[in-house]
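Trainee: fold the following for me, if possible:
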Amino acid sequence: MYDTVLAALRRGAADEALPAAQTLVEQQPDDIGALRLLAAAQRLSGEGEAALATLDRALDLAPEDADLHLERAGLLLQARDLDRAQAALARSVGLDPNQFPAYIIQAQLALGRGDLDEAERLVRTAARIAPEHPQISAVEGMLALRRGRPDEALGLLSQAADLAPDEPMLRHALGFAYLAKGHLAFAEQAFRGVLQTTPDSQPLRALVADLMRQQGRPAEAADELAPMLDDGSASPALHRLVGELEL
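Mentor: Numbers count the residues shown, from 1 in each chain. This next block holds a predicted model:
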């Protein structure tokens, strides 16, 4: 049954993974591995609250499991519950000082709230665990960008993106590094990579369209925005941008 659930999760087949995981937990209600698989299946199915409840149930059985606290932090971040996510991350690294992903997430959160010194401290801690990991270069690159060092940022983020080309956060940061250097075509390319995973992001699509406009392609920029105008989802700011493109 374990293999059945794992295979379905790997395929992204939520409709198969969830009932199989539920059956597994019914058969083994106190098995941490079964509960973890059920939480993963619930998360894949979009049942975030149920997944969180399942992980809480697992933590009742294994409160010292650092990986469970890390998984719980991921669900809380998905729900935008930042305070509880921070607490779960702190608990995870308190139980296991080698929890590399927890330090990286903490560093990203510190960047998000503008605490650059704390982000630097955390990424240095992470670097002692896995110095060659692309996420080290990614966070260091974002730090350099925030501190007004675009050349350094571009080098670090390019290196990280080469190692993890499918990571949207990296492509997003790389786009802004190119933008800071005035490399509009490369910035557009990076942001388009992000749009492949977040096609409904109006601000990002508007940014791509504006970059096209700045490169002398107003008609293409208007075409880029047309689908959002057609489905009625465009914001007033987007309508204004389209109006400017049509002038």
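Trainee: now the strands for the protein?
Mentor: With DSSP state E as the definition, the chain shows no strands.
Trainee: least trustworthy helix or strand in it by mean pLDDT?
Mentor: helix 236-245 (a mean of 63; mean pLDDT, DSSP states H and E).
Trainee: residues touching the most centrally placed residue in the chain, list them.
Mentor: The chain has Met169 as the residue nearest its centroid, 5.8 Å off, counting by CA atoms, centre = their mean. By CB atoms under 8 Å, 6 or more residues apart in numbering, the contact set of Met169 is 108, 138. Quick note: C-beta positions are derived from backbone N, CA and C, even for glycine.
Trainee: which stretches of this structure have low pLDDT?
Mentor: 2, 229-247 (pLDDT under 70).
Trainee: tell me how it divides into domains.
Mentor: Per automatic domain parsing, the structural domains of the chain span 1-62, 199-247.
Trainee: now distance to Ile129 and mean neighbour count too, for these, in a markdown table please.
Mentor: Compiled in a markdown table, the domains of the chain are given as follows (distance: least, CB to CB, whole Å; neighbours: other CB atoms under 10 Å):
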| stretch | distance to Ile129 | mean neighbour count |
| --- | --- | --- |
| domain 1-62 | 23 | 17 |
| domain 199-247 | 32 | 15 |
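Trainee: CSV for those domains, including distance to His183?
Mentor: Converted to CSV, the domains of the chain look like this (distance: least, CB to CB, whole Å):
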stretch, distance to His183
domain 1-62, 35
domain 199-247, 10
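Trainee: tell me which of the ones you listed sits nearest to Ala73.
Mentor: Nearest to Ala73 among the domains of the chain is domain 1-62; the distance by CB to CB comes to 9.9 Å.
Trainee: check the offset of the closest one from the chain's centre.
Mentor: Its chain's C-alpha centre and that of domain 1-62 lie 22 Å apart, by CA atoms, centre = their mean, to the nearest Å.
Trainee: cool, stretch 62-80 as well?
Mentor: With CA atoms, centre = their mean, you get 15 Å for stretch 62-80.
Trainee: show me the contacts for the closest residue in space to Leu59 that isn't next to it in sequence.
Mentor: By the measure of CB to CB, 6 or more residues apart in numbering, the closest residue to Leu59 outside its immediate chain neighbours is Leu68, 5.3 Å from it. Residues in contact with Leu68, defined by CB under 8 Å, 6+ apart, are 32, 36, 55, 58-59, 62.
Trainee: ok, now Thr197?
Mentor: Each residue near Thr197 by CB under 8 Å, 6+ apart is listed here: Pro168.
Trainee: next one: Leu174
Mentor: 141, 154, 157-158, 161, 190.
Trainee: now Thr198
Mentor: Contacts for Thr198 (CB under 8 Å, 6+ apart) come out as 168, 204.
Trainee: recalculate using a threshold of 6 Å.
Mentor: With CB atoms under 6 Å, 6 or more residues apart in numbering as the criterion, no residue contacts Thr198.
Trainee: re earlier: Ala185 is nearest to which of the domains of the chain?
Mentor: The nearest among the domains of the chain, by CB to CB, is domain 199-247 at 6.6 Å.
Trainee: any idea how far the spatially closest residue to Leu75 that is not a sequence neighbour lies from Ile136?
Mentor: Distance criterion CB to CB, 6+ apart; nearest residue to Leu75, sequence neighbours excluded, is Leu52 at 4.9 Å. According to CB to CB, to the nearest Å, Leu52 and Ile136 sit 29 Å apart.
Trainee: for Gln108, same thing?
Mentor: Going from Gln108 to Ile136 by CB to CB gives 12 Å.
Trainee: and for Leu89?
Mentor: Counting by CB to CB - Leu89 and Ile136 are separated by 17 Å.
Trainee: one more: Gly182?
Mentor: Applying CB to CB to Gly182 and Ile136 gives a distance of 27 Å.
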